[in-house]
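**Student:** structure of the sequence below:
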Amino acid sequence: MVCKLYKPYARPLVRAVHGLPISWEPIVAAVEHDDYIGNAAWSPCSKFIAIGLFTSIEIRDAATLERLHAFMHPQEVDHQWLSFSPDSRSLTHFSHSGHGITTWDLQTGGRISIVPSTPNKFLPWYSSSAYSMDGKVVAVAHSDPENHVNTVISTYNLVLGTHIYSHCVCEEHVGAPIWTHGEFLRFITVKPRSITIWEVGFASKRALAEVKSLPAPEDIGSEEFRFLPTISRLAFILRGAVLVWDAQDSKFLLNFAGGNRPRGLSFSSDGRFFACGTTVREAHLWKESGTGYILHRKFDSGIAPLLSPDGESVITSSDLQTRLWRTTDPIDPPSSVPTQPADQTEFAVAFSPDKSLITTGRLGDNIATIVDLKSGDPRLIVDAGVKICGLGVTANTVIVVGGGKIITWNLPAGDCVLDATVKIHDSVRTVVFNHPPPPPKWLHSASISPDFHHLVITRGGGKGLDIYDTSTGKHVVGTAAKDVSHPWFTQDGREVWYRRGLSQGETIIRGEGSDVIGLKSRFQWYATPSGGHLWKSLHGYEVADDGWILDSRKKRVMWLPHHWRVHQKYRIWDGRFLVLFDPRLPEPIIIELNE
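**Tutor:** Model (predicted):
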């Protein structure tokens, strides 16, 4: 299928050897980033998306996620609030880090104004904002710098770059958002059995005026609120459940307890769609019906989905990607798509030295699959009976590391044997570590040296590494570190590298002599190991931001579907083979790029 679609554009030709695209999800577009800080905004016209990063703000096209502008911060910020003007022609950035309020013109890319931060005050925590009808004044809701129980509504003149006035709201629960109503600014406060709408002029210093009171549930949460002014609907979180209350008809439209802590509530402007996320990176999209909200779609990425004002699109963001979906896509994926695994751990992957075989298995699972890279067919399926933390394969054997053991099976001779499965009692050799293994509750990762003489494995909780002799199980050396994961040997077996947090590639141990593994030095994360990084091709291939695989001449080779535009830590290069995996999907895919 891939060849038929892209053969005219592919030089060299591409051959997918394992993993048909049945798991590719209908994502419209995706963009990868390393420094997302958890804030994005839709323009009122639903044509632009602003994405907040540590050092910049990116403006992207809402149809393709193509970058249109990038506005730089004066210095790194770790929290921020973004807001478009009513005509979608400017963007305002409210910094939590004391850099003030900055507004940019989207057409010219130039800066309109800067409102300096107030000195000698605690940093405010912004939660919502609204513009006056002419776009010259902006109001923002934030925590009281001196009393975080209260909420302050502050107004600023964006043309002059000055602060106008701040209104202290002495109510415990101020719901988001604040919004524009003619020449006035409005917001709500919430109490048991009551939703109160308040009003004040954008440039007025008079007291807040109560507009009206709406009925509310008696039992109401205080974790997060989202109010929809056009039809008076209130979404809130109560004891782990998501509820939507219709204040006009005094009834619940949704009461959902998903089992995972919800966060991030979002309405379309007409209330036709409602979305929320969870702490396990799931997003739920509900659609309005005659009886309330019914589940329309479920996404497996992003903790805070954000619906476009027109309700046609939704973005989900994480620390790796921002993805764009259409709310009009089919409700359910094709029946051939496997169900998502409950335990979303990463994969262990190992090639045979001659690149004829590959073995894969999910970390912490007990099943390993050996695939013939020539035919793309399974050669053997191994039920190891232990939690896998590392794999190895040669032309004749497969090795599984787990449970403080190194277990070996022989591969069937001859052609590929489909559906051939072996279990622990079929193994030909088991070597037990002589050093007490880490507690079994910890999830480990391991790597076998290219000559199969040594094994490196992480300690419990990623607190260090241990190296063993694979033939005897003897502990050779160990070292303590912090946040250690996914170690691997270089091609010459003289260095061991690992991932530490998000830095990827810091080294801590190096071989001394020809047959001794010992501690030597700590390398900087930006150094290059002998043989290169696992996620970088030695043949000059790379994956561009737009999803194309480029060859060494920067020519396009193959286009990856959006779901596989994953972070580089989910890619493994070995020769001309590229392995792509995602913890949320049931299996990796392996692509061979032929010269």
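**Student:** residues contacting the residue sitting furthest away from the middle of the chain?
**Tutor:** In terms of distance from the mean C-alpha position of the chain, Arg206 ranks first, at 44.8 Å (CA atoms, centre = their mean). By CB atoms under 8 Å, 6 or more residues apart in numbering, the contact set of Arg206 is Val200. For every residue, glycine as well, the C-beta is placed using N, CA and C.
**Student:** then Asn157?
**Tutor:** Lys136, Val137, His163, Ile164, Ala203.
**Student:** distance of it from Tyr165?
**Tutor:** Distance, Asn157 to Tyr165, by CB to CB, to the nearest Å: 10 Å.
**Student:** what touches both of the two?
**Tutor:** Common neighbours of Asn157 and Tyr165 (CB under 8 Å, 6+ apart) are Ala203.
**Student:** any idea how far Ile231 is from the nearest residue to Pro116 once chain neighbours are set aside?
**Tutor:** Closest residue in space to Pro116, ignoring its immediate chain neighbours: Gly100 at 4.7 Å, by CB to CB, 6 or more residues apart in numbering. Shown here: Gly100 relative to Ile231, a distance of 36 Å by CB to CB.
**Student:** settle it for me: which of these two has more neighbours?
**Tutor:** Between Gly100 and Ile231, counted using other CB atoms under 10 Å, the more crowded position is Gly100 (18 against 13).
**Student:** the more buried one and Leu158, how far apart?
**Tutor:** For Gly100 relative to Leu158 (CB to CB), the value is 12 Å.
**Student:** shared neighbours of the two, anything?
**Tutor:** Val115.
**Student:** now Ile101: phi and psi?
**Tutor:** phi -120, psi 120 (degrees, to the nearest 10).
**Student:** quick one: pLDDT of it?
**Tutor:** We have a pLDDT of 83 for Ile101.
**Student:** same question for the one 3 residues further on.
**Tutor:** For Trp104, the model assigns a pLDDT of 89.
**Student:** where's it, which helix or strand?
**Tutor:** According to DSSP states H and E, Trp104 maps onto strand 101-105.
**Student:** kindly report the same for Lys4.
**Tutor:** helix 2-6.
**Student:** wait, Leu324 touches Ser46, no?
**Tutor:** No - Leu324 lies out of contact with Ser46 (CB atoms under 8 Å); the separation is 11.7 Å.
**Student:** between those two, which one's more packed in?
**Tutor:** Legend: neighbour count by other CB under 10 Å for Leu324 and Ser46, higher for Leu324 (22 against 19).
**Student:** who's in contact with that one?
**Tutor:** Applying CB under 8 Å, 6+ apart to Leu324 gives the contacts Ile27, Val28, Ala29, Ala30, Ile49, Ala62, Leu65, Ser313, Val314, Ile315.
**Student:** then Ala209?
**Tutor:** So Ala209 contacts Trp198, Glu199, Val200 (CB under 8 Å, 6+ apart).
**Student:** show me what it is bridged to.
**Tutor:** When assigned by DSSP bridges, Ala209 has beta-bridge partners Glu199.
**Student:** likewise for Thr102?
**Tutor:** In beta-bridge terms (that is, DSSP bridges), Thr102 pairs with His93, Ile114.
**Student:** ok, it - contacts?
**Tutor:** Per CB under 8 Å, 6+ apart, neighbours of Thr102: Phe71, Thr92, His93, Ser95, Arg111, Ser113, Ile114, Val115.
**Student:** what about the fifth one, distance to Gly264?
**Tutor:** Meaning Arg111. Distance, Arg111 to Gly264, using CB to CB: 30 Å.
**Student:** tell me which of the two has more neighbours.
**Tutor:** Gly264 (21 against 11).
**Student:** give me the buried subset of the contacts of Asn157.
**Tutor:** Neighbour counting over the contacts of Asn157 (16 or more other CB atoms under 10 Å) leaves Val137, Ile164 as the buried ones.
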